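A.B. asks: Whatever this is, show me its structure:
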Amino acid sequence: GGVSLAVKVFAMAIGFVFQWLITTYYGAESLGLLMSSISVLSIVLLGGKLGLDTAFLRFVSQFRAQKDFNGIAIIKKRSLSVIAVSSVAATAILYFCSDAIANSIFNRPLLAEPIRLISFAIIPMAFYQFYAEGLRGFKRIREYALTYNAGRFIFGSLAFVAAYFIFQTKLHPSTLFVIGTTVTLVFSIWIWRSVFSQALAKNRKANSENATDLKTIFDLSIPLLLASSTAFLMNWTDTLVLTYFASSEDVAIYTVALKFATVGKLVLMAINSIAAPKFAEFFGANDNKGLGKVVRQSTKLIFWSSIPILLILILFPSFLLNIYGPEYGAGVTSLLILAVAQFFSAIAGPVGNILQMTGRQKMYQNITIVSTLGHVGLNIWLVPTYGIDGAAIAGFITTVTRNAFSVWYIKKSYGFLSLYIPLVTK
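C.D. replies: This is a model prediction of the structure:
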């Protein structure tokens, strides 16, 4: 609802603040090195979690409906025992391979220390993301968003303020990130215990009726790990390719431009959260006419809500980027390209939710995989020649083609256009 959206807006805002603190007090190069190290961290983190966090979401949602809270406790204990081992192993691998990654893969010696330091974030991140997914399974979306999206930036920013203004010292940006993730873990455990104890006090079963051995857990988590790997490639390919081909300053500039361009996603997320259940409802009733009507209403609302954001980005790109420093003005073209790409997502409508809520999740998965592979290839092709603008162009092509194909497929399957353009479509 409105509260969870407000938390997501706050999470995005505090992310802007954290990046501004780093670039203002450490420089654009330091922000670029931090974002590059986070992208490397995110790869290794997949191995630290093994998909168990997303599997926990599924199990909690299922068992909560059955009021099998002892079953949830068993799943949690067994999953965390695996995460404890895998995340420690992932930490050791990243720590001891930091020099090889920085020098042999990216040819960037300055990246070694940030990677080495940020490796200590793997354990707390693996654990707090696990607890956060559990909270989402309990439909505690506000607590989930606060923990999963905002926590590390809130506590990382507070750590900077305390270190710089109280103790007159500057901690390494990666150290601030590690502190942020560690405190977020403590916070997530406290929230989880509060939510779970309340549920357990109201409904307690002596024994769980669900079979939850490790094989059952892994049968669900490993496919989810593969799915999350696809999402990772889509989200971090541009940063990784820029880290290889461009400078750390370029990585920082592109990161900030992308963050501004994706502000409009909040509108899409808000409307999707309301409309998605309606899509499923009309589909279940075999009411294509009603489905088409609610889709057009949703897309129209997304369009007009996104227009003010697009206008601000187009009219004031230099002003927005220069908040971070004069060097960020080099990202104006990238910001404009990315902003237009996001706006195309808006006029295409909530195509992902439509496909997922109407039994076309396999097609949605295939579209995502193909577009991800295309995104990787385009970045590798365009970034060496065009730098951050090449990454933006790659994002634009991927976004437009993915959404355009989805619009066509929805039209072919259900007979209505999810696309909305004033005076052109109804």
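
A.B. asks: Just give me the neighbour total for Val383.
C.D. replies: By other Cβ atoms under 10 Å, 25 other residues sit near Val383. Using the backbone N, CA and C atoms, a C-beta is placed for each residue, glycine as well.

A.B. asks: make that Phe18, sorry
C.D. replies: For Phe18, the neighbour count with other Cβ under 10 Å is 24.

A.B. asks: And what about the residue nearest to it when sequence neighbours are not counted, helix, strand or coil?
C.D. replies: Among residues not flanking Phe18 along the chain, Phe153 sits closest, at 4.2 Å (Cβ to Cβ, 6 or more residues apart in numbering). For Phe153, the secondary structure call by DSSP: H, G, I helix; E, B strand; the rest coil comes out as helix.

A.B. asks: Phe153: neighbouring residues, count only.
C.D. replies: Counted with other Cβ under 10 Å, the neighbours of Phe153 add up to 24.

A.B. asks: And the one 5 residues further on, by the same measure?
C.D. replies: The local packing count at Leu158 equals 14, with neighbours defined by other Cβ under 10 Å.

A.B. asks: Remind me which helix or strand it belongs to.
C.D. replies: helix 151-161 (DSSP states H and E).

A.B. asks: Determine the set of other helices and strands touching the following helix or strand past that helix.
C.D. replies: Next in sequence after helix 151-161, counting helices and strands by DSSP H and E, comes helix 173-202. Using 3 or more Cβ pairs under 8 Å, 6 or more residues apart in numbering; DSSP states H and E as the contact test, the elements touching helix 173-202 are helix 2-25, helix 28-49, helix 69-96, helix 112-118, helix 122-137, helix 151-161.

A.B. asks: between those helices, which gets nearest to Thr401?
C.D. replies: Proximity to Thr401 (Cβ to Cβ) singles out helix 28-49 among the helices and strands packed on helix 173-202, at 23.7 Å.

A.B. asks: pretty sure the residue nearest to Phe18 is touching Val183, no?
C.D. replies: No: look at Phe153 against Val183 with Cβ atoms under 8 Å: they stay out of range, at 11.2 Å.

A.B. asks: re earlier: report the contact partners of the residue nearest to Phe18.
C.D. replies: Going by Cβ atoms under 8 Å, 6 or more residues apart in numbering, Phe153 touches 11, 14-15, 17-18, 180.

A.B. asks: how about low-confidence regions in the stretch 151-300 of the chain?
C.D. replies: Residues of the stretch 151-300 of the chain that meet the criterion pLDDT under 70 lie in 203-211, 227, 273, 276-277.

A.B. asks: 50 instead, please
C.D. replies: By pLDDT under 50, the low-scoring segments of the stretch 151-300 of the chain are 206.

A.B. asks: Helices of the stretch 251-400 of the chain, residue ranges please.
C.D. replies: Residue ranges of the helices in the stretch 251-400 of the chain, as given by DSSP state H, counting those that start in this stretch, are 265-284, 288-315, 317-322, 332-348, 351-357, 361-414.

A.B. asks: any idea of the angle the helix holding Leu158 forms with helix 173-202?
C.D. replies: With axes from the mean of the first three to the mean of the last three Cα atoms, to 10 degrees defining the directions, helix 151-161 sits at 130 degrees from helix 173-202.

A.B. asks: May I see the buried residues of helix 151-161?
C.D. replies: 151-157, 159-160 (16 or more other Cβ atoms under 10 Å).

A.B. asks: Quick one: those as TSV, columns for distance to Ala394 too.
C.D. replies: Formatted as TSV, the buried residues of helix 151-161 follow (distance: Cβ to Cβ, whole Å):
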residue	distance to Ala394
Gly151	31
Arg152	27
Phe153	27
Ile154	32
Phe155	33
Gly156	29
Ser157	31
Ala159	34
Phe160	33
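
A.B. asks: Could you measure from Ala199 over to Arg140?
C.D. replies: Computed as Cβ to Cβ, to the nearest Å, the Ala199 to Arg140 distance reads 10 Å.

A.B. asks: who has more neighbours, these two?
C.D. replies: Taking other Cβ under 10 Å, Ala199 and Arg140 do not tie; Arg140 has more neighbours (19 against 15).

A.B. asks: ok, back up a step: if you average pLDDT over each of the helices of the stretch 251-400 of the chain, which comes out lowest?
C.D. replies: Sorting the helices of the stretch 251-400 of the chain by mean pLDDT places helix 265-284 lowest, at a mean of 75.

A.B. asks: who does that one touch, helix- and strand-wise?
C.D. replies: Helix 265-284 packs on helix 2-25, helix 288-315, helix 332-348, helix 351-357, going by 3+ Cβ pairs under 8 Å, 6+ apart.

A.B. asks: roughly how far out does that helix sit from the chain middle?
C.D. replies: Taking Cα atoms, centre = their mean, to the nearest Å, the mean C-alpha location of helix 265-284 is offset from the chain mean by 19 Å.

A.B. asks: Now do that helix against helix 361-414, angle only.
C.D. replies: Using the same axes, to 10 degrees: helix 265-284 against helix 361-414 is 70 degrees.
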